[in-house]
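Novice: Below is the sequence, then the predicted model.
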Amino acid sequence: MQARRGKPEDIEDVIELNRYSYAIPSDEDERMEKCLKEIDVASEFFIAERGGESCAHVRMIPLEQNVRSRWKKMAAVSMVASAPETRRLGYVREIMLQSLRELKEEGYGVSMLYPFKDSFYASMGYVKMPPWYTLTCNPRNIVYSKVPRDYRIDRVDSKTGWKECEGIHNYIVSRTHGAAKRTRKRWDEHKIWFRGNLVVVYGPTSDPEGYMAYKLKGYGQFGDRDEVGTMNIEEMLWKNPEALKALLRFISLHEDQIIKVKMPIIPLSRNYYHWIQGINVPNVKARFITMARIVDVEEALNGIPVSNQGSVAIKVIDDQFEWNTQTFHITGQNGELSVEHTDDSDPDIVMSIGSLTALLYGSLSCKELFQLGMLKERAPDILDDWFPKIQPWLIEHF
């Protein structure tokens, strides 16, 4: 088996293998083909070849991720697929690792994915992040009954209206740990993939201040029909409380049309239980977990903002990548971290790449890592000062 970067002539094979591996519905299949053929993404694929034929591939989408207020180059793992006759032969693992080796040389510090099998990715150094959640309620239960003064809500064309949303998206991801910034290619791809409705909130100066992308299905509730009127919100972002109230009012105006609204719970909406009334037990359901991995310790940790000065020597164990398997001297000075290799034979702590990743992203504290058996010894207190717990939120679907 040989692993290599994708070329434009590989796209037909990529499409065919994706069709088989994911049993993609015909409407999505058409969009996938349009995305992969019209947008230049061939070089994002890593191909496994056997006997001159493609037998597996993985896509590494180049993104920038907000990691504790610092932008880090992030490889987003997507479209992992292999031919059934070549599965369980280690091909996907090999192209995954080969792709990360190459991307490390291009300055990538971190990687994230939505796992199909968490144990498989954990064996390659990825560690689980908290799941997404969805709130389901009747729009009649929404509290807000008025659009704020001087605000308006417009439904816009879901093909061309995304331009109005880009500034809001950039504003939110720049302030949200774990969120990823969309490149021009990603926006173009997003426009092709999305099939639904788009609404934008405009403020007193007529500037966009919030938006919501959603789909409607069914109508009301009649007899014993299984399908009831439902609003599925795929993305809902706002820059201020007024824009949020306008969006919630827009949702509530569908109360004669829909019975259920499903909305994502994100860091912006932690106080969602104040938006609804008449519900003592909110219907909140966990959805996807994500997984993350530090690709390059130096690149990932350098420049992370900290308030406390100090230093610590960490011996990192990375079973896949030798450049991470060494001792690093990490110093907090002038408000940020700096990282360098050291020959210190007596480090302050020994840590796996997965444990260090969980600490960096804030999904687990040092105490929790120790309790879960992910640390074998008590960690220096300064690590909790540098890496306080914080919910990482990956806004991007891939």
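Specialist: Noted; the coordinates are in hand. Not measured: the values here are computed from a predicted model.
Novice: Buried residues in the top helix by length along the chain, which are they?
Specialist: Secondary structure of the chain per DSSP state H: the longest helix is helix 91-105. Residues of helix 91-105 classed as buried: Tyr91, Val92, Arg93, Glu94, Ile95, Met96, Leu97, Gln98, Ser99, Leu100, Leu103, Lys104 (neighbour count, 16 or more other Cβ atoms under 10 Å). C-betas here are computed from N, CA, C, even on glycine.
Novice: I'd like the residues you listed as a markdown table, with pLDDT and distance to Met60 appended.
Specialist: Below are the buried residues of helix 91-105 laid out as a markdown table (pLDDT from 0 to 100; distance: Cβ to Cβ, whole Å):
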| residue | pLDDT | distance to Met60 |
| --- | --- | --- |
| Tyr91 | 95 | 16 |
| Val92 | 96 | 13 |
| Arg93 | 95 | 15 |
| Glu94 | 95 | 14 |
| Ile95 | 96 | 10 |
| Met96 | 96 | 9 |
| Leu97 | 96 | 12 |
| Gln98 | 95 | 10 |
| Ser99 | 96 | 5 |
| Leu100 | 97 | 8 |
| Leu103 | 97 | 6 |
| Lys104 | 98 | 11 |
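Novice: domain assignment for this protein?
Specialist: With domains defined by automatic domain parsing, the chain comprises 2-108, 133-286, 297-352+365-386.
Novice: and of those, who's closest to Tyr121?
Specialist: Nearest to Tyr121 among these is domain 2-108 (8.2 Å), distances taken as Cβ to Cβ.
Novice: ok, longest strand in this protein?
Specialist: strand 53-67 (DSSP state E).
Novice: Sheet partners, orientation included, of the helix or strand that comes right after that strand?
Specialist: As assigned by DSSP states H and E, the chain's next helix or strand after strand 53-67 is strand 70-82. Using DSSP bridges, the strands paired with strand 70-82 in its sheet are strand 53-67 (antiparallel), strand 110-113 (parallel).
Novice: rounded to a whole number, what's the mean pLDDT of strand 70-82?
Specialist: Summarised as a single mean, pLDDT over strand 70-82 is 97.
Novice: Which positions within it qualify as buried?
Specialist: By 16+ other Cβ under 10 Å, the buried positions in strand 70-82 come out as 70-82.
Novice: Save those as JSON lines, and put in distance to Val201 too.
Specialist: Below are the buried residues of strand 70-82 laid out as JSON lines (distance: Cβ to Cβ, whole Å):
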{"residue": "Arg70", "distance to Val201": "30"}
{"residue": "Trp71", "distance to Val201": "27"}
{"residue": "Lys72", "distance to Val201": "31"}
{"residue": "Lys73", "distance to Val201": "32"}
{"residue": "Met74", "distance to Val201": "29"}
{"residue": "Ala75", "distance to Val201": "34"}
{"residue": "Ala76", "distance to Val201": "28"}
{"residue": "Val77", "distance to Val201": "33"}
{"residue": "Ser78", "distance to Val201": "30"}
{"residue": "Met79", "distance to Val201": "34"}
{"residue": "Val80", "distance to Val201": "37"}
{"residue": "Ala81", "distance to Val201": "39"}
{"residue": "Ser82", "distance to Val201": "44"}
